[in-house]
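# With the sequence up front, the predicted model follows.
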Amino acid sequence: MFPNTKIGDLQVKQLPELYEAARSSTAGQDKLAEILKAILDRPIELEAGKGPRASYLAQLAEAYYRLFPRCLAGIKQEQLIKQSLEKTVQRLTQISLPLIEDEYARFNRNGYNQSLKELVIQLNRPAFLTPRLRSLPTLTESECFLALFIQCLRQQLGATVLLSSRFQVEYRGLLRSVCLSAGEPEACQSNLEGWLWEAMKSFDPLKAFSASGHGRPTFEAWVRTVVNNKLADEKRKLLKREADELLFYEPRAGQIFQYRHQCLPAPVKAEIDLEKCLQLIQIVQAQLTDPKVRATTSRLRQQISEQLDWSIHQTRDVHHQVRRILGRYVQSTRSLNITSVDSNQEWIDNYPDIRTLGNLTGQALECIAEFLNDHQTPVWVRDWSERRRTQAEIARELYVSQPTISRCLGREFRQWLFRRFFMDNQTPEWIKRWHETQEIQSPHQRRQVRREIHPDYAQGRCSAKSIDAEIEALLRDWCDRNSIYYLP
């Protein structure tokens, strides 16, 4: 059924050995390029029942010519294929081996680029693919190299398009609109080609990107998706750095992590190893204080793995968990120099801070983090506050905002204030009982319970309004003494 299967398998199995030889000689690079061309020239059926079997390499090149005819005008298909193969092999021989191994590990992660893995298996062991196949096998080292080569080949073909003189002319309107809508037009414009080149490794011109199939509109949609994803990546990178800053320099990082862990939904909590995360936090804060170690993530993880006798993979996984939780805390309570989009799609970099609030007493705002982490605070409050950037901004929203959200948020914050107030042993017990009478619906019953609580009210020497004012004054004094943000 597959007459070339044995030969093909042998060619693919030779790839790691040929790659090792190619790293040290030009002749080795030529041999590797020759074998890779033979492998990619095998006829395959990209979609079951659609079209005849044809060479994958020829189909790939033809797809680029159909998508970018003007950008590739003047370059013959055979010449494009030959140059791309040679340059891709040269680039691969210059990548360090640890990075190659990281790429191999990425290919065998669950759910990673299934279509590419299916293509590699179809090129190497087509008999394995059956209509009833539910999961792909683990790729061998030689198959991982083949997958990496295909990614780099796509990037090389993409670079030929991106660097052509016609690309900027053909897509001037698209590139301009993408940059203008990104918020930082100059930064986006200077990085755009690099972003597109990086994403080209996952750009498959043989795959339809929308219901309309292949063509210019689908490429334009892909470009917009790439830019949006890249901007989101930049935010996530900054959030990781901010989370690490909290991990390095905040003595309460372990306590904060536990508070946030308690507030997590059950499915998310199940993904977090609390014990190991606290171990990592403790070892980083107590023993790995050298700035040189902390400056590089890989160096930091290496030291953690040595101190705790963990594998690098386990250390990376736990560090991701710590960043995930501390990042959520940072996002909701700290100032972040990340972009936020308002109704006009403009970037806001200067949110109000403590100095811009009408807060003459200079009250601290750290209590807002405790308010958000309180298990009795409704989930919607935390979710809504995740979108705010500073404690000061949340504090401002308590006073002025859209009327509905301000009123609801203020009510929840006031309830939290009283919960904290009543937890203090110095707060008289009668105040809590008096406050709870607000929940009694019947005015007659409410007055009766209040008479039992307060003798002066029972004898008519003071009104309920004056007692409420007295409690409010005590609450304000308590907030000032404890550096709690007071909300009337």
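Cool, got the structure.

# going forward, measure contacts and count neighbours with C-alpha atoms only.
Noted.

# then the helix or strand where residue 476 lies to PDB, C-alphas only?
Per DSSP states H and E, residue 476 falls inside helix 464-481. The C-alpha atoms that make up helix 464-481 are tabulated as PDB, following Å, rounded to 0.1, in the frame of the first residue of the first chain:
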ATOM      1  CA  ALA A 464     -31.800  55.600  66.800                       C
ATOM      2  CA  LYS A 465     -30.400  58.200  64.500                       C
ATOM      3  CA  SER A 466     -28.000  59.500  67.200                       C
ATOM      4  CA  ILE A 467     -26.900  56.000  68.000                       C
ATOM      5  CA  ASP A 468     -26.200  55.300  64.300                       C
ATOM      6  CA  ALA A 469     -24.100  58.500  64.200                       C
ATOM      7  CA  GLU A 470     -22.200  57.400  67.300                       C
ATOM      8  CA  ILE A 471     -21.400  53.900  65.700                       C
ATOM      9  CA  GLU A 472     -20.300  55.700  62.500                       C
ATOM     10  CA  ALA A 473     -17.900  57.900  64.500                       C
ATOM     11  CA  LEU A 474     -16.500  54.900  66.200                       C
ATOM     12  CA  LEU A 475     -16.100  53.100  62.900                       C
ATOM     13  CA  ARG A 476     -14.300  56.100  61.400                       C
ATOM     14  CA  ASP A 477     -11.900  56.300  64.400                       C
ATOM     15  CA  TRP A 478     -11.200  52.600  64.200                       C
ATOM     16  CA  CYS A 479     -10.400  52.900  60.400                       C
ATOM     17  CA  ASP A 480      -8.000  55.700  61.200                       C
ATOM     18  CA  ARG A 481      -6.200  53.800  63.900                       C
END
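
# what about residue 304, how many residues close to it?
Using other CA atoms under 10 Å, residue 304 has 24 neighbouring residues.

# Mind listing what's buried along the helix holding residue 476?
467, 471, 475, 476, 478, 479, 480 (16 or more other CA atoms under 10 Å).

# In the chain, what residue spans correspond to strands?
Remark: strands assigned in the chain by DSSP state E are 43-44, 54-55.

# Which among those is found nearest to residue 327?
Closest approach to residue 327 among the strands of the chain (CA to CA): strand 43-44, 45.7 Å.

# Identify the residues contacting that closest one?
With contact meaning CA atoms under 8 Å, 6 or more residues apart in numbering, strand 43-44 is reached by 53, 54, 55, 56, 122, 123.

# 7 Å instead, please
53, 54, 55, 56 (CA atoms under 7 Å, 6 or more residues apart in numbering).

# before we move on, what about stretch 103-112?
With CA under 7 Å, 6+ apart as the test, stretch 103-112 has contacts from 138, 139, 144.

# Show the end-to-end separation of it, please.
One end of stretch 103-112 sits 11 Å from the other (CA to CA, to the nearest Å).

# what do you get for stretch 44-56?
One end of stretch 44-56 to the other measures 6 Å (CA to CA).

# before we move on, what about stretch 430-441?
Stretch 430-441: ends 20 Å apart by CA to CA.

# And for stretch 67-76?
OK, stretch 67-76 end separation, CA to CA: 15 Å.

# Name the residues of that stretch that are buried.
Across stretch 67-76, burial judged by 16+ other CA under 10 Å covers 67, 68, 71, 72.

# which residue sits closest to residue 202, ignoring its sequence neighbours?
Distance criterion CA to CA, 6 or more residues apart in numbering; nearest residue to residue 202, sequence neighbours excluded, is residue 151 at 6.7 Å.

# Check residue 86 too.
Residue 86 sits nearest to residue 33 (CA to CA, 6+ apart), 6.3 Å away.

# just residue 182 next, same as before
Nearest residue to residue 182 in three dimensions, chain neighbours excluded: residue 188, at 6.9 Å (CA to CA, 6+ apart).

# hang on, the earlier thing: generate a markdown table for the strands of the chain, with mean neighbour count and mean pLDDT as supplementary columns.
As requested, the strands of the chain are exported to a markdown table (neighbours: other CA atoms under 10 Å; pLDDT from 0 to 100):
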| stretch | mean neighbour count | mean pLDDT |
| --- | --- | --- |
| strand 43-44 | 18 | 80 |
| strand 54-55 | 15 | 80 |
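
# Tell me which of those strands approaches residue 243 most closely.
Comparing the strands of the chain by CA to CA, strand 43-44 comes nearest, at 47.2 Å.

# Sheet-wise, list the partners of the closest one with their directions.
The pairing partners recorded for strand 43-44 under DSSP bridges are strand 54-55 (antiparallel).

# ok now do residue 21, which residues does it touch?
Contact analysis of residue 21 by CA under 7 Å, 6+ apart lists residue 28.

# per-residue confidence at residue 353?
Looking at residue 353, its pLDDT stands at 31.

# An error on my part: the question was meant for residue 96.
86.

# same question, residue 415
pLDDT, read off for residue 415, is 87.

# Quick check: it vs residue 488, distance?
To residue 488, residue 415 is 12 Å away according to CA to CA.

# that older thread, which among the contacts of stretch 103-112 count as buried?
Among those, those classed as buried by 16+ other CA under 10 Å are 139, 144.

# Return the member of the contacts of stretch 103-112 nearest to residue 88.
Taking CA to CA as the measure, residue 88 lies nearest residue 144 of those, at 15.5 Å.

# What number of residues are in the vicinity of residue 89?
Neighbour count of residue 89, defined by other CA under 10 Å: 22.

# Could you check how far residue 90 is from residue 439?
Counting by CA to CA, the separation of residue 90 from residue 439 is 76 Å.

# and those two? which has more neighbours close in?
Each of residue 90 and residue 439 has its neighbours counted (other CA under 10 Å); residue 90 has more, 17 against 8.

# how near is the residue nearest to residue 431 when sequence neighbours are not counted to residue 166?
Using CA to CA, 6+ apart and skipping residues adjacent in sequence, the residue nearest residue 431 is residue 471, 7.0 Å away. From residue 471 across to residue 166, the span is 74 Å (CA to CA).

# count of neighbours near the residue nearest to residue 86?
By other CA under 10 Å, neighbour count at residue 33 equals 23.

# Pull up the gap between it and residue 153, please.
Counting by CA to CA, the gap from residue 33 to residue 153 is 11 Å.

# which residues do those two both contact?
Joint contacts of residue 33 and residue 153 (CA under 7 Å, 6+ apart) are residue 85.

# Relative to residue 232, how far out is the spatially closest residue to residue 199 that is not a sequence neighbour?
In space, and not counting its chain neighbours, residue 199 is closest to residue 226: 6.9 Å by CA to CA, 6+ apart. Separation of residue 226 from residue 232 (CA to CA): 10 Å.
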